[in-house]
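>>> Just need the structure, nothing else, for what follows:
(chains A and B)
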Amino acid sequence: MSTAPARVKTLKIDDRDVSGREEETILDVARQNRINIPTLCHVPGLSPVGSCRLCLVEIKGSPKLFPACVTLVREGMEVVTKSERLASYRKMILELLFSDGNHICAVCVSNGNCELQSLAQNLGIDSIRFPYRFPKLTVDASHQRFVVDHNRCILCARCVRVCGEVEGAHTWDLMGRGTSMRIISDMNEAWGDSETCTSCGKCVQLCPTGALVEKGKSVAEMSKKKGFLPYIVSMREGRR
Amino acid sequence: MSKVRLATVWLDGCSGCHMSLLDMDERLVEIADKVEIVYSPLVDNKEFPQEVDITLVEGAIGNVEDEEKIKMIRQRTKTLVSLGDCAVTGNVPSMRNTCGAKAVLERVYLENVTLQPQIPSESVPALRSRVCPVREVVKVDVFVPGCPPSADTIHALLVGLLSGSVPDISLLSRFGA
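Alright, predicted model coming up:
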């Protein structure tokens, strides 16, 4: 007598009994149950990469922390999404991002519409413990309609993924390691000279900060529209 | 009951935080009943006094005088508040850190000047090579981000501090607010 493998897993998140399909992640199931886990690199519709580490959660029985966006649910799992330890790591991650770039919110086109800025406020960050690095970074305004300001890039690679996975152009990529890592267009050429860029603007709309913006916007004028992505992705999946 | 001794200082900033303080309007009267302003760019005292209860610091640490002042102020202050993004993060003044003080001075006083171009050296304090937030030089007790923090934020801060508690600033303000 054989039993088909169960495809629904039951687990606990923050002491609540929840269930999810076996191909779903902890983040998917948490969000279905309105349990908030902060994220920055994650965008529904793009492949999850687990790079920002904001969605780290605890799983009982393991001393390690797990990124909820790339950890599949398992039967009997007990997940903790809120603890002092997690809060302190999440704060530290954001503080390191602030100290690593030149994020001067007061003079940013995305002031008031920035995911980094609002996450910092939501997590109760009122100051950065680490010395700011003040790296010397460039701004490329060679594109007719858009600007890339590397001072404000947090290397979440949303632009890289949406350009490659949804638009299919793969204009953006990451170059270098550690503090010298940058997003680049084509083979590290000026964006305005790109032969692959279709100027669709998906990268700009998904960028969480003021790193990719429309030209001609002044302080706090750049608000982004992310609503197109689930629509495009679901239409495409429906066609398969 | 004796009044709380309050000081405000203006370091490397634009005075916007002090303008926001004044924007409390009639609420200033209510605050004035409870505090004595012992030092401020808004009043006439020339010397920063001893034994100050609360000091609100506007501005980053941009020159050698700022640095000396904030160390002295820290010694004489019970509760030191970084008020506004310049004091909290370095903000706009710190934008020169990517190119350095020398490049800025040359741009402002030599390259853009036709008549007697010269870098000022007398009667003005020398710029530090690096602008930094107050917390990189002295211990800060309360951080109030915002550019500037709103009058409501400053009011809530002062009401809280005067009653002996620190309000949850992240509910009131944020970087760039």
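>>> I'd say B:Val92 and A:Asn102 touch.
No - B:Val92 is beyond contact range of A:Asn102, at 11.1 Å (criterion: C-beta atoms under 8 Å). Placement of C-beta: from N, CA and C, glycine included.
>>> Of the two, give the one with the bigger neighbour count.
Between B:Val92 and A:Asn102, A:Asn102 has the larger neighbour count (other C-beta atoms under 10 Å in any protein chain shown), namely 21 against 18.
>>> Could you find the closest non-adjacent residue to that one?
A:Asn151 (3.9 Å; C-beta to C-beta, 6 or more residues apart in numbering or on different chains).
>>> so what's whichever residue of chain B sits closest to chain A closest to, chain neighbours aside?
Nearest residue of chain B to chain A, counting by C-beta to the nearest C-beta: B:Gly176, 2.6 Å away. Using C-beta to C-beta, 6+ apart and skipping residues adjacent in sequence, the residue nearest B:Gly176 is A:Cys105, 2.6 Å away.
>>> who's in contact with that neighbour?
A:Asn111, A:Cys114, A:Gln117, B:Asp85, B:Cys147, B:Arg174, B:Phe175, B:Gly176 (C-beta atoms under 8 Å, 6 or more residues apart in numbering or on different chains).
>>> Just give me the closest of the residues you listed to A:Cys159.
Nearest to A:Cys159 out of the contacts of A:Cys105 is A:Cys114 (C-beta to C-beta; 15.2 Å).
>>> Once you drop chain neighbours, what's closest to the closest one?
Nearest to A:Cys114 is A:Thr209, by C-beta to C-beta, 6+ apart, at 5.3 Å.
>>> looking at it, the one you found is touching A:Cys153, isn't it?
Yes - between A:Thr209 and A:Cys153 there is a contact at 7.1 Å, judged by C-beta under 8 Å.
>>> Mind checking which of these two has more residues around it?
It is A:Thr209, of A:Thr209 and A:Cys153, that has more neighbours when counted by other C-beta under 10 Å, with 27 against 23.
>>> Tell me, what's the model's pLDDT at the more buried one?
On pLDDT, A:Thr209 comes in at 98.
>>> Equivalent analysis for A:Leu65, please.
97.
>>> again, but for A:Ala4
On the pLDDT scale, A:Ala4 gets 65.
>>> Quick one: name the residues of chain B near chain A.
B:82, B:85, B:88-92, B:94-95, B:97-99, B:130, B:132-133, B:135-136, B:140, B:143-145, B:147, B:168-170, B:174-176 (C-beta under 8 Å from any C-beta of the partner chain).
>>> Show me just the buried residues among those.
Among the residues of chain B next to chain A, those classed as buried by 16 or more other C-beta atoms under 10 Å in any protein chain shown are B:82, B:85, B:88-92, B:94-95, B:97, B:130, B:132-133, B:135-136, B:140, B:143-145, B:147, B:169-170, B:174-176.
>>> Show me the residues you listed that map onto helices.
Applying DSSP state H to these, the entries found in helices are B:Asp85, B:Val88, B:Thr89.
>>> what secondary structure does A:Lys12 sit in?
What DSSP: H, G, I helix; E, B strand; the rest coil gives for A:Lys12 is strand.
>>> In contact with it, which residues are there?
By C-beta under 8 Å, 6+ apart, the contact list for A:Lys12 reads A:Val18, A:Met77, A:Glu78, A:Val79.
>>> what bits of chain B have low per-residue confidence?
B:1 (pLDDT under 70).
>>> rewinding a little: which of the contacts of A:Lys12 sit farthest apart?
A:Val18 and A:Glu78 (11.0 Å).
>>> Need the overlap of contacts for these two.
With C-beta under 8 Å, 6+ apart, A:Val18 and A:Glu78 have common neighbours A:Leu11, A:Lys12.
>>> spatially speaking, which residue is in the middle of chain A?
A:Cys41 (1.3 Å; C-alpha atoms, centre = their mean).
>>> Next up, identify which helix or strand it is on.
Counting by DSSP states H and E, no helix or strand carries A:Cys41.
>>> quick one: contacts for B:Val88?
A:Asp126, A:Ser127, B:Ser82, B:Pro133, B:Val134, B:Arg135, B:Phe143, B:Val144, B:Pro145, B:Phe175.
>>> Distance from stretch B:150-160 to the middle of the chain?
Using C-alpha atoms, centre = their mean, to the nearest Å, the mean C-alpha position of stretch B:150-160 is found 15 Å from that of the whole chain.
>>> ditto for stretch B:55-69
With C-alpha atoms, centre = their mean as the basis, the mean position of stretch B:55-69 lies at 7 Å from the chain mean.
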